[in-house]
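1. 3D, please:
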Amino acid sequence: MRSLLPLIPLLIVVSGCASSDWIDRTLVTADVTGVWEGSAPSPSGQTWLQLTLDQRGPRVTGSVRAWAGPRTGTLNGTIAGDVFTFSHTGDPRLTGELTVDGDEMIGQVNIPYSYNPARLTLRRVK
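-> Reported below is the predicted structural model:
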């Protein structure tokens, strides 16, 4: 037991170094599974988007429909806390970061041929 006494201050210091940022980045507090619709401003008016999402823990996959129908490519993303970060590698190429609040997501998205970053609001389709 005596040999462990010098380690106690070290353990206290190390435990104090645990960052709440790490906890915030790994904690999943939102579920985005489902169909989401919304629009973002574009030079021609509004760009309509529909995201179909499937969430497994912090990982999210899905597909995108845009103003002209189904698009190719896969949407990949993550949830950290209530923040959904994603990219879509097909047509259109999208990247974004949205804050989830129940059945609404609001944030910024980069859309080709649009005002970037554009403010995007999505609502879950019931």
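2. Name the helix or strand for the residue most central in space within the chain, please.
-> Nearest to the mean C-alpha position of the chain, by Cα atoms, centre = their mean, lies residue 84 at 1.3 Å. Assigned by DSSP states H and E, residue 84 belongs to strand 83-88.
3. what's that strand packed up against?
-> strand 59-66, strand 75-80, strand 94-101, strand 104-110 (3 or more Cβ pairs under 8 Å, 6 or more residues apart in numbering; DSSP states H and E). All C-beta spots, glycine's among them, are computed from the backbone N, C-alpha and C.
4. what about 6 Å?
-> Packing contacts for strand 83-88, counted by 3 or more Cβ pairs under 6 Å, 6 or more residues apart in numbering; DSSP states H and E, involve strand 75-80, strand 94-101.
5. Same list, those, but as TSV with distance to residue 64, mean pLDDT and mean neighbour count please.
-> Below are the helices and strands packed on strand 83-88 laid out as TSV (distance: least, Cβ to Cβ, whole Å; pLDDT from 0 to 100; neighbours: other Cβ atoms under 10 Å):
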stretch	distance to residue 64	mean pLDDT	mean neighbour count
strand 75-80	6	94	18
strand 94-101	7	94	19
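6. Would you reformat these as a markdown table and include distance to residue 42?
-> A markdown table is the format used below for the helices and strands packed on strand 83-88 (distance: least, Cβ to Cβ, whole Å):
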| stretch | distance to residue 42 |
| --- | --- |
| strand 75-80 | 19 |
| strand 94-101 | 13 |
